[in-house]
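A.B. asks: dropping a prediction and its sequence here:
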Amino acid sequence: MEARGAVNCYVCEKCRCFTMTINMSAGVTSFMCRCAHCDGMAQSSFYKFRPPTNGGVASVTVQEMWYRPVKKWFDTADAETQRHILRGGLIKAPLGTHEILCDALEVNSSTKEIADFMESAYGCRPDFKDPFFKVPAEK
Ligand SMILES: [Zn+2]
């Protein structure tokens with residue numbers, strides 16, 4: 001899980017442009033995503049981007065947001081996307097107005113807290129036996 005408010009930079013393999021994203025909730029984001037500037041795929045820089053701290057001025061344009069969707073969006077998603085969301089995954093959309101699910105999950109939330117939240121929000125629990133379910137171990 002990555003923190004709420006974290007900014008990431010994806011670098012396009014085709015046009016080399018940056019796509020900047022921000023996390024509206026704590027959650028799991030993708031290693032690769034579609035470039036915001038062309039039809040290429042962009043690779044995560046693993047949240048290494050940090051705003052300058054030397055008192056200078058930087059021009060930073062955040063283009064897309066990662067967020068936790070509301071139940072009516074979840075209900076229409078395909079099974080693979082639902083699986084991603086139940087395991088703490090966020091979905092990405094251009095900045096703008098989106099209905100986002102508000103929650104109190106944080107990077108150190110336990111698997112039980114995540115599962116309880118998912119059940120109350122979406123009506124189903126994640127599968128903890130899934131080897132790709134990457135969240136901190138239950139406390
Ligand atoms: Zn590109």
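C.D. replies: Thanks, I have the structure now.
A.B. asks: could you pull out the buried residues of the helix or strand hosting Cys9?
C.D. replies: In the assignment (DSSP states H and E), Cys9 maps to strand 7-12. By 16 or more other CB atoms under 10 Å, the buried positions in strand 7-12 come out as Asn8, Cys9, Tyr10, Cys12. Placement of C-beta: from N, CA and C, glycine included.
A.B. asks: partner strands of it, parallel or antiparallel?
C.D. replies: Take DSSP bridges as the rule and strand 7-12 pairs in its sheet with strand 18-23 (antiparallel), strand 41-44 (antiparallel).
A.B. asks: for the last one, the distance to its chain's centre please.
C.D. replies: To tie it back to what came earlier, the one meant is strand 41-44. 14 Å (CA atoms, centre = their mean, to the nearest Å).
A.B. asks: what average pLDDT does it get?
C.D. replies: Throughout strand 41-44, pLDDT has a mean value of 95.
A.B. asks: okay, now the unreliable bits of the protein?
C.D. replies: Along the chain, segments meeting pLDDT under 70 span 51-52, 128, 130-139.
A.B. asks: which bits of it sit near the ion?
C.D. replies: Residues of the chain that fall close to the ion, judged by CB under 5 Å from the ion: Cys12, Lys14, Cys15, Cys17, Cys35, His37, Cys38, Gly40.
A.B. asks: just the residues you listed: which are in strands?
C.D. replies: Judged by DSSP state E, those include Cys12 as members of strands.
A.B. asks: now, which of the residues of the chain next to the ion sits nearest Val57?
C.D. replies: Checking those against Val57 by CB to CB gives Cys17 as the nearest, at 21.8 Å.
A.B. asks: just the strands in this protein please.
C.D. replies: 7-12, 18-23, 32-34, 41-44, 64-67, 91-94.
A.B. asks: nearest residue to Glu99 in space, ignoring adjacent ones along the chain?
C.D. replies: Nearest-residue entry for Glu99: Val70, 4.7 Å, with adjacent residues in sequence omitted and distances by CB to CB, 6 or more residues apart in numbering.
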